[in-house]
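Chemist: Prediction below, plus the sequence it came from.
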Amino acid sequence: GNSVTQMEGPVTLSEEAFLTINCTYTATGYPSLFWYVQYPGEGLQLLLKATKADDKGSNKGFEATYRKETTSFHLEKGSVQVSDSAVYFCALTKGGSRGGADGLTFGKGTHLIIQP
Amino acid sequence: EPEVTQTPSHQVTQMGQEVILRCVPISNHLYFYWYRQILGQKVEFLVSFYNNEISEKSEIFDDQFSVERPDGSNFTLKIRSTKLEDSAMYFCASSGPLSPGELFFGEGSRLTVL
(Lines give C-alpha, C1' and ligand atoms only; values in the text may rest on other atoms or scores of the structure.)
Protein backbone atom coordinates (compact mmCIF):
# COMPACT_ATOMS: atom_id res chain seq x y z
CA GLY A 1 0.00 0.00 0.00
CA ASN A 2 0.89 3.66 -0.03
CA SER A 3 3.12 5.10 2.67
CA VAL A 4 4.95 8.31 3.50
CA THR A 5 8.09 8.61 5.58
CA GLN A 6 9.33 11.92 6.86
CA MET A 7 12.11 12.91 9.20
CA GLU A 8 11.43 12.75 12.88
CA GLY A 9 11.29 15.94 14.85
CA PRO A 10 11.47 18.19 16.54
CA VAL A 11 13.68 20.19 14.23
CA THR A 12 15.02 23.30 15.94
CA LEU A 13 16.58 26.10 13.90
CA SER A 14 17.53 29.71 14.36
CA GLU A 15 15.71 32.43 12.48
CA GLU A 16 17.00 32.94 8.91
CA ALA A 17 18.46 29.42 8.76
CA PHE A 18 17.95 27.15 5.74
CA LEU A 19 15.30 24.47 6.21
CA THR A 20 15.02 21.00 4.72
CA ILE A 21 12.43 18.48 5.86
CA ASN A 22 12.87 15.17 4.11
CA CYS A 23 9.95 13.18 2.77
CA THR A 24 9.99 9.93 0.80
CA TYR A 25 7.06 7.89 -0.36
CA THR A 26 5.99 4.48 -1.55
CA ALA A 27 3.07 4.34 -3.94
CA THR A 28 1.75 2.56 -6.98
CA GLY A 29 0.89 4.51 -10.08
CA TYR A 30 1.27 8.27 -10.21
CA PRO A 31 0.41 9.87 -6.90
CA SER A 32 -0.02 13.56 -6.24
CA LEU A 33 2.15 14.89 -3.42
CA PHE A 34 1.37 17.50 -0.80
CA TRP A 35 2.76 19.35 2.17
CA TYR A 36 0.29 20.36 4.85
CA VAL A 37 1.08 22.58 7.84
CA GLN A 38 -0.58 22.69 11.25
CA TYR A 39 -0.03 25.83 13.31
CA PRO A 40 -0.63 25.58 17.07
CA GLY A 41 -4.31 25.25 17.89
CA GLU A 42 -5.40 25.10 14.26
CA GLY A 43 -6.39 22.49 11.68
CA LEU A 44 -4.17 21.28 8.87
CA GLN A 45 -3.74 23.67 5.94
CA LEU A 46 -2.47 22.90 2.48
CA LEU A 47 0.95 24.47 2.01
CA LEU A 48 1.89 23.30 -1.49
CA LYS A 49 1.38 20.47 -3.92
CA ALA A 50 2.80 18.78 -7.03
CA THR A 51 0.84 16.48 -9.28
CA LYS A 52 3.46 14.99 -11.59
CA ALA A 53 7.15 14.21 -11.78
CA ASP A 54 9.51 17.22 -11.79
CA ASP A 55 6.73 19.61 -10.77
CA LYS A 56 7.77 22.14 -8.16
CA GLY A 57 5.20 23.30 -5.65
CA SER A 58 5.81 26.61 -3.88
CA ASN A 59 4.06 28.86 -1.39
CA LYS A 60 5.09 31.36 1.31
CA GLY A 61 8.78 30.85 0.45
CA PHE A 62 8.55 27.07 0.80
CA GLU A 63 9.34 24.78 -2.14
CA ALA A 64 9.26 21.07 -2.86
CA THR A 65 10.05 19.20 -6.07
CA TYR A 66 8.40 15.91 -7.06
CA ARG A 67 11.31 13.53 -7.69
CA LYS A 68 10.06 10.27 -9.09
CA GLU A 69 13.52 8.76 -9.47
CA THR A 70 14.20 9.10 -5.75
CA THR A 71 10.51 8.94 -4.67
CA SER A 72 11.03 12.10 -2.67
CA PHE A 73 9.30 15.42 -2.03
CA HIS A 74 11.59 17.30 0.34
CA LEU A 75 10.37 20.61 1.75
CA GLU A 76 12.81 23.55 1.68
CA LYS A 77 12.87 27.18 2.67
CA GLY A 78 15.81 29.50 2.31
CA SER A 79 15.30 31.63 5.41
CA VAL A 80 12.88 30.55 8.12
CA GLN A 81 11.01 32.85 10.49
CA VAL A 82 9.68 32.34 13.98
CA SER A 83 6.17 32.33 12.49
CA ASP A 84 7.06 29.16 10.54
CA SER A 85 7.04 27.18 13.77
CA ALA A 86 4.45 24.46 13.21
CA VAL A 87 4.02 20.78 12.42
CA TYR A 88 4.58 19.89 8.76
CA PHE A 89 2.97 16.84 7.16
CA CYS A 90 3.95 15.26 3.88
CA ALA A 91 1.08 13.45 2.16
CA LEU A 92 0.06 11.73 -1.03
CA THR A 93 -3.08 10.76 -2.81
CA LYS A 94 -3.52 8.30 -5.60
CA GLY A 95 -4.24 10.95 -8.20
CA GLY A 96 -5.82 10.05 -11.49
CA SER A 97 -9.45 10.13 -12.38
CA ARG A 98 -11.12 9.50 -9.02
CA GLY A 99 -11.33 13.18 -8.28
CA GLY A 100 -11.59 13.86 -4.57
CA ALA A 101 -12.72 10.42 -3.53
CA ASP A 102 -9.33 9.12 -2.47
CA GLY A 103 -8.08 9.68 1.00
CA LEU A 104 -4.73 11.24 1.75
CA THR A 105 -1.93 9.14 3.22
CA PHE A 106 0.04 11.24 5.68
CA GLY A 107 3.50 11.02 7.17
CA LYS A 108 3.86 11.28 10.94
CA GLY A 109 4.57 14.99 10.84
CA THR A 110 7.69 16.98 11.67
CA HIS A 111 7.55 19.55 14.45
CA LEU A 112 9.57 22.62 13.45
CA ILE A 113 10.69 25.08 16.10
CA ILE A 114 12.28 28.35 15.02
CA GLN A 115 14.13 30.29 17.69
CA PRO A 116 14.68 34.06 17.43
CA GLU B 1 -12.86 33.02 4.09
CA PRO B 2 -14.96 29.84 4.16
CA GLU B 3 -13.88 27.26 6.68
CA VAL B 4 -14.73 23.83 8.01
CA THR B 5 -16.13 23.91 11.53
CA GLN B 6 -16.24 21.04 14.00
CA THR B 7 -18.07 20.49 17.25
CA PRO B 8 -17.41 19.72 20.02
CA SER B 9 -13.82 20.80 20.36
CA HIS B 10 -13.34 18.32 23.19
CA GLN B 11 -15.51 15.48 24.41
CA VAL B 12 -14.91 13.15 27.32
CA THR B 13 -16.93 9.94 27.42
CA GLN B 14 -17.07 6.62 29.20
CA MET B 15 -16.04 3.44 27.42
CA GLY B 16 -19.01 1.83 25.70
CA GLN B 17 -20.89 5.08 25.17
CA GLU B 18 -21.95 6.40 21.79
CA VAL B 19 -20.32 9.56 20.49
CA ILE B 20 -21.30 11.81 17.60
CA LEU B 21 -18.81 14.28 16.20
CA ARG B 22 -20.21 17.01 14.00
CA CYS B 23 -18.75 18.92 11.09
CA VAL B 24 -19.98 21.65 8.78
CA PRO B 25 -17.96 21.43 5.55
CA ILE B 26 -17.43 24.32 3.16
CA SER B 27 -20.74 24.87 1.44
CA ASN B 28 -19.89 24.23 -2.22
CA HIS B 29 -17.60 21.27 -1.57
CA LEU B 30 -18.62 17.81 -2.67
CA TYR B 31 -16.16 15.47 -0.95
CA PHE B 32 -16.05 14.97 2.80
CA TYR B 33 -13.58 13.14 4.98
CA TRP B 34 -12.80 12.06 8.49
CA TYR B 35 -9.26 11.56 9.74
CA ARG B 36 -7.94 10.84 13.17
CA GLN B 37 -4.65 11.42 14.96
CA ILE B 38 -3.80 9.46 18.05
CA LEU B 39 -1.47 11.48 20.26
CA GLY B 40 2.06 11.36 18.94
CA GLN B 41 1.13 9.32 15.89
CA LYS B 42 0.38 10.03 12.25
CA VAL B 43 -2.81 11.44 10.82
CA GLU B 44 -4.84 8.44 9.62
CA PHE B 45 -7.53 8.34 6.98
CA LEU B 46 -10.86 6.97 8.15
CA VAL B 47 -13.44 7.54 5.44
CA SER B 48 -14.37 9.64 2.44
CA PHE B 49 -17.94 10.48 1.44
CA TYR B 50 -19.38 11.65 -1.86
CA ASN B 51 -22.84 11.86 -3.31
CA ASN B 52 -24.40 10.65 -0.07
CA GLU B 53 -22.40 7.47 0.17
CA ILE B 54 -19.05 6.24 1.37
CA SER B 55 -16.41 6.41 -1.39
CA GLU B 56 -13.54 4.82 0.44
CA LYS B 57 -12.82 3.66 3.96
CA SER B 58 -9.79 2.39 5.79
CA GLU B 59 -9.37 -0.71 7.92
CA ILE B 60 -9.85 1.47 10.99
CA PHE B 61 -13.40 2.32 9.91
CA ASP B 62 -15.09 -0.84 11.17
CA ASP B 63 -18.71 -1.53 12.06
CA GLN B 64 -18.46 0.68 15.14
CA PHE B 65 -18.12 3.73 12.92
CA SER B 66 -20.69 5.36 10.68
CA VAL B 67 -21.02 8.63 8.81
CA GLU B 68 -24.03 10.60 7.77
CA ARG B 69 -24.94 13.80 6.02
CA PRO B 70 -28.36 14.25 7.55
CA ASP B 71 -29.40 17.66 6.29
CA GLY B 72 -27.21 18.80 3.42
CA SER B 73 -24.91 20.87 5.60
CA ASN B 74 -23.75 18.74 8.53
CA PHE B 75 -21.46 15.74 8.20
CA THR B 76 -21.31 13.51 11.25
CA LEU B 77 -19.11 10.71 12.51
CA LYS B 78 -20.71 8.30 14.97
CA ILE B 79 -18.85 5.84 17.12
CA ARG B 80 -21.40 3.37 18.51
CA SER B 81 -19.55 1.91 21.47
CA THR B 82 -16.35 3.74 22.24
CA LYS B 83 -13.17 1.97 23.27
CA LEU B 84 -10.16 3.35 25.06
CA GLU B 85 -8.16 3.21 21.84
CA ASP B 86 -10.65 5.53 20.13
CA SER B 87 -9.16 8.40 22.11
CA ALA B 88 -7.72 10.72 19.48
CA MET B 89 -8.12 14.01 17.67
CA TYR B 90 -10.67 13.62 14.90
CA PHE B 91 -10.40 15.93 11.91
CA CYS B 92 -13.12 16.61 9.39
CA ALA B 93 -12.16 17.86 5.92
CA SER B 94 -13.82 18.76 2.66
CA SER B 95 -12.69 19.37 -0.89
CA GLY B 96 -14.07 20.61 -4.17
CA PRO B 97 -14.41 18.50 -7.32
CA LEU B 98 -11.49 19.90 -9.28
CA SER B 99 -8.66 19.74 -6.77
CA PRO B 100 -8.10 16.21 -5.46
CA GLY B 101 -5.99 16.19 -2.34
CA GLU B 102 -6.58 19.88 -1.62
CA LEU B 103 -8.44 19.31 1.57
CA PHE B 104 -9.69 21.99 3.91
CA PHE B 105 -9.54 20.77 7.49
CA GLY B 106 -11.42 21.74 10.59
CA GLU B 107 -9.61 22.39 13.85
CA GLY B 108 -10.43 18.95 15.15
CA SER B 109 -12.48 17.36 17.91
CA ARG B 110 -10.52 15.80 20.72
CA LEU B 111 -12.17 12.62 22.02
CA THR B 112 -11.10 11.21 25.36
CA VAL B 113 -12.49 7.81 26.31
CA LEU B 114 -12.17 6.87 29.97
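Modeler: Okay, I see it. Residues are numbered from 1 along each chain as shown, chains lettered A, B, ... in the order given.
Chemist: and residue 45, how many residues sit next to it?
Modeler: By default, I'm working from chain A. 14 (other Cβ atoms under 10 Å in any protein chain shown). (C-beta placed from N, C-alpha, C; glycine too.)
Chemist: Chain B is the one I meant
Modeler: 25.
Chemist: swap in A:Glu15?
Modeler: Counted with other Cβ under 10 Å, A:Glu15 comes out at 13.
Chemist: B:Leu84 too?
Modeler: So B:Leu84, with other Cβ under 10 Å, has 9 neighbours.
Chemist: Give me the pLDDT value at the residue nearest to A:Gln115 when sequence neighbours are not counted.
Modeler: In this structure, A:Gln115 finds its nearest non-sequential neighbour in A:Ser14, 5.5 Å apart by Cβ to Cβ, 6 or more residues apart in numbering or on different chains. For A:Ser14, the pLDDT comes out at 97.
Chemist: Can you show me the strands along chain A?
Modeler: Shown for chain A, the strands assigned by DSSP state E span residues A:3-6, A:11-14, A:19-21, A:23-26, A:32-38, A:44-50, A:56-59, A:62-65, A:75-77, A:86-93, A:105-106, A:110-115.
Chemist: strands paired with the shortest one, and their directions?
Modeler: Strand partners for strand A:105-106, identified by DSSP bridges, are recorded as strand A:86-93 (antiparallel).
Chemist: Equivalent analysis for the last one, please.
Modeler: Looking at strand A:110-115 with DSSP bridges, its partner strands are strand A:11-14 (parallel), strand A:86-93 (antiparallel).
Chemist: just how off-centre is that strand within its chain?
Modeler: 14 Å (Cα atoms, centre = their mean, to the nearest Å).
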